[in-house]
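*Asks:* Give me coordinates for this.
(one chain, ligands or ions: 1)
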Amino acid sequence: MQRAAEWDTVDIFLLDEEESSGELRPEHYLLLSGGLDSATLAGWLLERHPAESVQAVTFLYGQKHVVEVEAAEAVARHYGLALQAVELPTIHGSALTEPGLRLPEGRDLSLSQGVAPSYVPARNLLFLAFLASLADLGGRSELWIAVHHDDYTGYPDCRPAFIDAADQAVRLGTQYGLRVRAPFVSWSKGDIVRYGLSRGVPYHLTHSCYQGRRPACGVCDTCQARLAAFKECAAADPLAYEPGPAAGEGGAGQP
Ligand SMILES: [Zn+2]
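*Replies:* All right, here's what the predicted structure looks like:
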């Protein structure tokens, strides 16, 4: 049996870029959920690469609400990106997919510990593996994911160490040596919004509320985090929120 260290030298088996057929192929595969973070990553990516080289992919995995898929479609349309929707079997065990599990409302996020109820078991691992399978066709590609610093306390598959390991796994497990890229991994959500506002990211088209509400509830974990990020930037969130104390902090129409 080959020793583990030797497996790292299999680069000789990696395929070179195929001869160009003159047809543009996607070199960048973007996980686009319809949320604020991945919409900002779309803007970030398109500052650096033409839209024709980017394939956006959104996943259905048994979410209780489909509004985020509609948001992904709207963001893709805004940026002129091709969007592929991939339907997976339901991922169980999360408050985002189990009708019987309730999402927390109005909790103090600074005091919350452990894995979040909205964690979806190994979702990012599954998404990146699927993206790698989609992408490992015609040459080297990069897989883009919008995880950020504030996520990784509650979501094991958003930790920088996971991203590094996923990058390694994808690089070693694909014929073209694909890579995983997460440029926001050390950014806070406030950093993301600040950057996005400066670049005109269409936040009015995005959807964040875990409860799938429009107007947004303003009290689920992600509504709270989103509102706090806009507040940190002294900006108004263009989304409408249900009336309530949290929404009054920076919801639509507020300064
Ligand atoms: Zn909400």
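*Asks:* what about the strands in the stretch 101-250 of the chain?
*Replies:* Secondary structure of the stretch 101-250 of the chain by DSSP state E, counting those that start in this stretch: the strands cover 142-144, 179-181.
*Asks:* So which of those is the most surrounded?
*Replies:* Among these, strand 142-144 has the highest mean neighbour count (mean count of other Cβ atoms under 10 Å), at a mean of 24. In short, each C-beta sits where N, CA and C put it, glycine included.
*Asks:* next one: it to chain centre, how far?
*Replies:* For strand 142-144, the separation from the chain centroid amounts to 11 Å (computed by Cα atoms, centre = their mean, to the nearest Å).
*Asks:* What average pLDDT does it get?
*Replies:* In this model, strand 142-144 has an average pLDDT of 98.
*Asks:* Could you give the separation between the terminal residues of stretch 60-74?
*Replies:* Criterion Cα to Cα, to the nearest Å; first-to-last residue distance in stretch 60-74 is 16 Å.
*Asks:* repeat for stretch 178-195
*Replies:* End-to-end distance for stretch 178-195, by Cα to Cα: 27 Å.
*Asks:* And stretch 205-213, by the same measure?
*Replies:* Using Cα to Cα, the end-to-end distance of stretch 205-213 comes to 14 Å.
*Asks:* For that stretch, buried residues please.
*Replies:* Across stretch 205-213, burial judged by 16 or more other Cβ atoms under 10 Å covers 205, 206, 207, 208, 209, 210, 211, 212, 213.
*Asks:* ok, it near the ion or not?
*Replies:* Yes - judged by Cβ under 5 Å from the ion, stretch 205-213 and the ion are in contact via 209, 211.
*Asks:* Quick one: residues in contact with whichever strand or helix holds residue 29.
*Replies:* Using DSSP states H and E, residue 29 sits within strand 28-31. Applying Cβ atoms under 8 Å, 6 or more residues apart in numbering, the contact partners of strand 28-31 are 38, 41-42, 45, 49, 53-59, 81, 127-128, 131, 134-135, 141-146.
*Asks:* Point out the residues in the stretch 51-200 of the chain that sit beside the ion.
*Replies:* So the stretch 51-200 of the chain never meets the ion (Cβ under 5 Å from the ion).
*Asks:* Which residue ranges of the stretch 51-200 of the chain form helices?
*Replies:* Secondary structure of the stretch 51-200 of the chain by DSSP state H, counting those that start in this stretch: the helices cover 67-79, 123-135, 160-173, 189-198.
*Asks:* so what does the third one touch, helix or strand wise?
*Replies:* Contact analysis of helix 160-173 by 3 or more Cβ pairs under 8 Å, 6 or more residues apart in numbering; DSSP states H and E lists helix 123-135, strand 179-181 as its packing neighbours.
*Asks:* cool, and the last one?
*Replies:* Counting contacts by 3+ Cβ pairs under 8 Å, 6+ apart, helix 189-198 is packed against helix 36-48, helix 221-232.
*Asks:* buried ones in it?
*Replies:* Across helix 189-198, burial judged by 16+ other Cβ under 10 Å covers 189, 190, 191, 192, 193, 194, 195, 196.
*Asks:* what do you get for the third one?
*Replies:* Residues of helix 160-173 classed as buried under the neighbour-count rule (16+ other Cβ under 10 Å) are 162, 163, 166, 167, 170, 171.
*Asks:* just how off-centre is stretch 154-174 within its chain?
*Replies:* 14 Å.
*Asks:* For that stretch, give the mean pLDDT please.
*Replies:* The average of the pLDDT scores along stretch 154-174 is 95.
*Asks:* Let me have the buried residues of helix 189-198 in JSON lines, extended by pLDDT.
*Replies:* Shown next, in JSON lines, are the buried residues of helix 189-198 (pLDDT from 0 to 100):
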{"residue": "189", "pLDDT": "96"}
{"residue": "190", "pLDDT": "97"}
{"residue": "191", "pLDDT": "98"}
{"residue": "192", "pLDDT": "98"}
{"residue": "193", "pLDDT": "98"}
{"residue": "194", "pLDDT": "98"}
{"residue": "195", "pLDDT": "98"}
{"residue": "196", "pLDDT": "98"}
